[in-house]
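1. show me the folded form of this:
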Amino acid sequence: MLPTLAEVLELPALRRARPRVVVGRDRLDVPVRWVHIAEVTDLAHLLRGGELVLSTGIAMPDDPDALRRYIDDLAAAGASGIAVELGRKYHAELPEAFREAARSAGLPVVLLDREARFVEITEAVHVRVVNEQLEELRESDRLHSVFTQLSVEGADSGRILAEVARISGCPVVLENLSHQVLACDLNGEDPGTLLTSWESRSRAVRTGSRTVHVPSSGWLVTTVGARGQDWGRLVLVAGAAPTRSRRMLVERAATTLALGRLLERHQESLERQTHRTIIAGILDRAYSDPEEALVRARAVGVPLQGRELVGLVLRLREGGTGLAAEARLSDTAEGAARACRELRLSALVGSLDDLRVGILLALPDRGRLEATLHMLADRVHSTLGGSAVLAVGSTAEGVREVRRSFLEARQVGDVALRQSDRRPFYRLPDLHLRGLLHLFREDERLQTYVERELGPLLEYDDRHGGDLTEMLRHYLDSGRNKARAAARAHLSRPAFYDRLRRIANVLDADLESVETSLSLHVALWSLDALRDAP
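-> Residues are numbered from 1 along each chain as shown. Got it, this is the predicted structure:
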């Protein structure tokens, strides 16, 4: 870290000259990158920024306007300040024009009351600067060694954060893009103090591609990601004035975390990767000849030719981003594959996206589909619990029809999440009206219908921050039983009845009418379908 002007003025070589700051006492924290001795006024083009200019003032112009131009040029070039030795041109003070120009430009001015050996000053400052740079290089090399070793060993995020906390002596937190804490090492700090209202405090901190320091909280925040895909942020609670080495530390740790995540992705079993690639090729029609898909599947031990093919989709109930969501998807795929192996089912199993795992069943015996699905559903749910719903597409007679089967299963899975009944698996006929509405969710006529039926109520809730739409849903889902609906809404009956009156007024509708209530109920289901649309 470069020395500040205040630190430079404390060096013995400068102290002997009795430095006196006459302008810019509030700017002594500027860094000094170098010292430049100059007795010419056309100096600015020689500077690169961060220099302390030393001068006897002997060549300074007497004209006030020329003095102002000289000072303005130094400030524009990024000089850290100017130190003028008294005795050659100026004997007690600098001209007022000089000081006024420096105040306007924000350029610190130091008077040297005694004769100074400029060469000693330059040597002292340059040694300090070079030593600082060497120390930064040594620190960078140490950090490189530590985190390279962690990468080689495949250290998890907890160990990486522990190393950051040990080196810095500060708490460190890894969060996802939703500002939820994924991992942390609080370094002895009280969790209640540090993590309370974390999400709201974190959302207030905006970051870009560079590391950001927030003085009010002392947070040093950098983005974590690789290959153009950011997935989290690393926060070091470094205090009001973090050193450059701490910036290097948090950035090096973020790189190691990003690399670790890439390696974790590649730790997915080779079998899952291969199956996923084959399924994706079929769905994306990447194979110009269906025979290629058959050959590839047969090569991994899953014959597809001459078999009854069925596309299944395991739809996760919880989405999200970050390591936890990725691990959940990987566990689901491995659990489904294990269930197929235990039942000795011939199947391709691989993730379809961030929320779905695809299973392509290849059954040799026609007529055993129903029994096979029940056995597979029981095994999958016993392995995964209720974390996903199993959706089944229609039977495909050949590999060309597999895409249709998967698309149907995908649609069924999305709708099945909202079903109140818990079935082992779902097909399109099991979804009744909800399934039909989901299929038509991109039809403009359905969208117009929803707006006509519910638009005023949705606008009212948005405008007033209300919950009338949900109250209507409770009322209709309870079969228009007001007492049951009030209980489901956790409201007293009078309060719930008041909500119903407001709903009727906003919609100008008779909620006692069976036809009106049915129409509103269909509109609510249609709204669910629209919100599920990609």
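2. look up how far residue 19 lies from the closest residue to residue 33 other than its chain neighbours.
-> Nearest non-adjacent residue to residue 33, counting by C-beta to C-beta, 6 or more residues apart in numbering: residue 50, 3.0 Å away. Every residue, glycine included, has its C-beta placed from N, CA and C. Distance from residue 50 to residue 19, counting by C-beta to C-beta, to the nearest Å: 19 Å.
3. swap in residue 515?
-> For residue 515, the distance to residue 19 - C-beta to C-beta - is 91 Å.
4. likewise for residue 273?
-> For residue 273, the distance to residue 19 (C-beta to C-beta) stands at 67 Å.
5. ok, now residue 140?
-> From residue 140 across to residue 19, the span is 33 Å (C-beta to C-beta).
6. residue 255 too?
-> From residue 255 over to residue 19 (counting by C-beta to C-beta), the distance is 42 Å.
7. now residue 505
-> Distance from residue 505 to residue 19, by C-beta to C-beta: 78 Å.
8. do you know the pLDDT at residue 228?
-> Looking at residue 228, its pLDDT is 67.
9. that older thread, who has more neighbours out of residue 273 and residue 19?
-> The neighbour comparison of residue 273 against residue 19 (other C-beta atoms under 10 Å) goes to residue 19, with 19 against 14.
10. which regions of the stretch 301-450 of the chain sit below the pLDDT cut-off?
-> Judged by pLDDT under 70, the stretch 301-450 of the chain has its weakly predicted residues at 320-324, 420, 432, 434-436, 438-442.
11. where do the helices sit along it?
-> All helices of the stretch 301-450 of the chain, identified by DSSP state H, counting those that start in this stretch, fall at 323-342, 369-384, 402-416, 432-439, 444-464.
12. columns distance to residue 529 on top of the ones you listed, output as CSV?
-> As requested, those are exported to CSV (distance: least, C-beta to C-beta, whole Å):
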stretch, distance to residue 529
helix 323-342, 24
helix 369-384, 25
helix 402-416, 7
helix 432-439, 5
helix 444-464, 8
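13. okay, and the beta partners of residue 53?
-> residue 36, residue 82 (DSSP bridges).
14. pretty sure it is touching residue 39, no?
-> No - judged on C-beta atoms under 8 Å, residue 53 makes no contact with residue 39 at a distance of 10.3 Å.
15. who has more neighbours, these two?
-> Each of residue 53 and residue 39 has its neighbours counted (other C-beta under 10 Å); residue 53 has more, 21 against 13.
16. who's in contact with the more buried one?
-> 35, 36, 37, 38, 43, 47, 74, 79, 81, 82, 83 (C-beta atoms under 8 Å, 6 or more residues apart in numbering).
17. go on, residue 377?
-> Residue 377 touches 390, 424, 425, counting by C-beta under 8 Å, 6+ apart.
18. I'd like to know how many residues surround the last one.
-> Just to be clear, that refers to residue 425. Neighbours of residue 425 (other C-beta under 10 Å): 22.
19. okay, it and residue 393: tell me how far apart.
-> 11 Å.
20. give me the common contacts of these two.
-> Common contacts of residue 425 and residue 393 (C-beta under 8 Å, 6+ apart): residue 312.
21. excluding sequence neighbours, find me the nearest residue to residue 285.
-> Closest residue to residue 285 apart from its sequence neighbours, by C-beta to C-beta, 6+ apart: residue 403 at 7.1 Å.
22. about what we covered before: let me have the contacts of residue 53 in a markdown table, adding pLDDT as columns.
-> Converted to a markdown table, the contacts of residue 53 look like this (pLDDT from 0 to 100):
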| residue | pLDDT |
| --- | --- |
| 35 | 88 |
| 36 | 87 |
| 37 | 88 |
| 38 | 85 |
| 43 | 81 |
| 47 | 86 |
| 74 | 91 |
| 79 | 91 |
| 81 | 92 |
| 82 | 91 |
| 83 | 92 |
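23. which single one of those is nearest to residue 29?
-> Residue 29 lies nearest to residue 81 out of the contacts of residue 53, by C-beta to C-beta, at 11.3 Å.
24. list the buried ones in stretch 166-181?
-> Buried positions in stretch 166-181, judged by neighbour count with 16 or more other C-beta atoms under 10 Å: 167, 168, 170, 171, 172, 173, 174, 175, 176, 179, 181.
25. check which helix or strand residue 13 maps to.
-> Here residue 13 sits within helix 12-15, counting by DSSP states H and E.
26. and that helix, what's buried?
-> 13, 14.
27. what residues does it touch?
-> Under the criterion C-beta under 8 Å, 6+ apart, residues 8, 9, 83, 112, 116, 117, 120, 121, 123, 124 lie in contact with helix 12-15.
28. three-state assignment of residue 103?
-> With DSSP: H, G, I helix; E, B strand; the rest coil as the basis, residue 103 sits in helix.
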